[in-house]
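Visitor: Okay, structure incoming, though there's no sequence with it:
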């Protein structure tokens, strides 16, 4: 059974940065991804990373501002959020899927964490 736990969220001002973490236990060799869900909205894909960490994919809203990476032991990933804006306010959660390649579709993932709240406000 795969278990995912996120951390690192918080309240920041526009233009500031945050580093989110996701630690996984259980099944190995998974692709992983970050999604987010704002109040009253559906979940949206943010960034994904392949097993091994070489291939990364990003939502258009994340390109140039967010960076996803695998931690050395391959069972954790992080998400560097830079130049945050109020539109980035959401619950950010990580997800894991069998297979080595990430996907932008949440339906392809069979495990997700509880999430960590990111609030951007002046």
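Guide: Great, that's in hand. Here the structure is a predicted model, which means the values were calculated and not measured.

Visitor: Tell me the spacing between the most centrally placed residue in the chain and residue 68.
Guide: In the chain, the residue lying closest to the centroid (CA atoms, centre = their mean) is residue 34, at 2.2 Å. According to CB to CB, to the nearest Å, residue 34 and residue 68 sit 6 Å apart. C-beta: built from backbone N, CA, C; applies to glycine.

Visitor: which residues are common contacts for the two?
Guide: Taking CB atoms under 8 Å, 6 or more residues apart in numbering as the criterion, residue 34 and residue 68 both touch 47-48, 77, 79.

Visitor: shouldn't residue 28 be in contact with residue 75?
Guide: Yes: look at residue 28 against residue 75 with CB atoms under 8 Å: they come within range, at 6.9 Å.

Visitor: Show me which of those two is the more surrounded one.
Guide: Neighbours were tallied for residue 28 and for residue 75 using other CB atoms under 10 Å; the higher tally belongs to residue 75 (17 against 11).

Visitor: In contact with the more buried one, which residues?
Guide: Taking CB under 8 Å, 6+ apart as the test, what residue 75 contacts is 23-25, 28.

Visitor: Give me the pLDDT value at it.
Guide: pLDDT recorded at residue 75 is 80.

Visitor: Before I go, just wanted to say thanks for your time.
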